[in-house]
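S.K.: Sharing a model prediction with you, sequence too.
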Amino acid sequence: MKQVLLVEDDERLSSLISQYLREQDFKVQRLANGDTLLQHIQTSPPDILILDVMLPGDNGFTLCNKIRPFYSGPLLFMTAKNDDFDQVFGLEIGADDYIIKPVEPRVLLARINALLRRNTEPKHSNISNQTLQYGQLTIERSTRSAHLQGKDVQLTSHEFDMLWKLAENPSTLVDRTTLYKEVIGREYDGLDRSADVRISRLRKKLQDNSQHPYRIKTIWGKGFFFVADAWDD
C-alpha cells in the first residue's frame with residue numbers, strides 16, 4: 001500500500017481527496033499546513049507528496065525548497081492558479097508535476113500513478129548496464145545517484161530519470177514524445193513545458209551553460225541531445 005502525504009488547508013477538499021485515494025488502496029496522511037512537514041518527511045517519508053501552493057504560513061514553494069534536500073521522492077503541486085509562471089516556477093524549484101484546482105479525482109489518480117511508476121521502475125539486472133561514465137560524470141542506476149568531478153549531484157527522482165534517459169542515448173536526439181511518455185508519464189500535448197524545466201534544472205546542477213548549453217543541448221521543436229564528449233573538464 002503506497003503512502004501519500006497530502007498538505008492541504010481546505011478541509012473539505014482534503015477530506016474528499018483522502019477518501020478517494022483510500023478507496024484506490026492508498027494510505028493517506030493529511031496536514032493542514034507545513035509546520036510539521038519536514039518532521040514527517042524525515043521520520044516517515046511518503047511514497048509521494050501532494051503539496052498545495054497556497055497554504056497558511058509557509059507556502060508550497062517555500063516548503064518545497066525546505067524539504068528537497070531531505071526528500072527526493074515524487075512531489076506533486078496542487079494550485080488554483082492557472083498561470084504558466086507559477087507552474088514553471090514550481091517545476092524549477094523541484095516539483096515533479098502540478099495539477100490545477102478544481103481537482104478531477106481521476107486525473108489526480110493518473111498523475112499520482114504516473115509519478116509512482118517512474119519512481120519504482122524495476123532496475124536492470126545486468127550489472128554492466130548499471131553505470132554510465134562520461135569523462136568526470138558518473139551515473140549509477142542501482143543507487144540512482146550521479147557524481148560530477150567526484151562530487152555528489154543532488155537530483156530528484158525524476159531529474160535522475162531524465163538524465164539517465166538522455167545519457168543512455170549519448171549523441172542521439174531524444175525526442176519530446178519519448179521523454180514525456182517514458183519519463184514524465186503522459187503524452188506530449190505540444191504545450192507542456194515540464195521537460196524543458198527539468199532540463200534547465202539538470203543543466204544548473206551539472207554545471208552546463210544555461211545561455212549556451214554544450215552538455216545537454218536543445219534541438220528546437222524536436223527534443224534534447226546529450227553530448228558524450230562534453231564532460232572532461
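M.R.: Right, received. Where do you want to start?
S.K.: what's next to stretch 104-121, contact-wise?
M.R.: Contacts of stretch 104-121 with the rest of the structure, by CB atoms under 8 Å, 6 or more residues apart in numbering, involve 2, 4, 16-17, 20-21, 24, 26, 47-48, 50, 73-74, 76, 96-97, 99, 157-158, 161, 183-186. Backbone N, C-alpha and C define where each C-beta goes, glycine included.
S.K.: again, 10 Å this time
M.R.: By CB atoms under 10 Å, 6 or more residues apart in numbering, the surrounding residues in contact with stretch 104-121 are 2, 4, 16-17, 19-21, 23-24, 26, 47-50, 72-76, 78, 96-100, 103, 141, 144, 156-158, 160-162, 164, 182-186.
S.K.: and it, what's its mean pLDDT?
M.R.: Taken as a whole, stretch 104-121 carries a mean pLDDT of 82.
S.K.: Now do the spatially most central residue of the chain, the pLDDT please.
M.R.: Closest residue to the average C-alpha location of the chain: D96 at 2.8 Å, with CA atoms, centre = their mean. Looking at D96, its pLDDT stands at 84.
S.K.: Now do the contacts for it.
M.R.: Remark: with contacts taken as CB under 10 Å, 6+ apart, D96 is in contact with 48-49, 73-77, 90, 111, 114-115, 118-119, 156-159, 161, 184-185, 194, 198.
S.K.: Drop anything exposed from those residues.
M.R.: Taking 16 or more other CB atoms under 10 Å as the criterion, what is buried in those is 48-49, 73-77, 90, 111, 114-115, 118-119, 156-159, 161, 184-185, 194, 198.
S.K.: Which ones among those map onto helices?
M.R.: Judged by DSSP state H, the subset of those located in helices is 90, 111, 114-115, 118-119, 157-159, 161, 194, 198.
S.K.: The least confident helix or strand in the chain by mean pLDDT: what's the following helix or strand?
M.R.: Every helix and strand of the chain was ranked by mean pLDDT, DSSP states H and E. The lowest is helix 84-92, at a mean of 72. Later in the chain than helix 84-92, the nearest helix or strand by DSSP states H and E is strand 97-100.
S.K.: Give me the distance from that following strand to the chain's centre.
M.R.: Centre-to-centre, strand 97-100 and its host chain are 12 Å apart (CA atoms, centre = their mean, to the nearest Å).
S.K.: domain ranges for this protein?
M.R.: According to automatic domain parsing, the chain is divided into the following domains: 3-119, 127-226.
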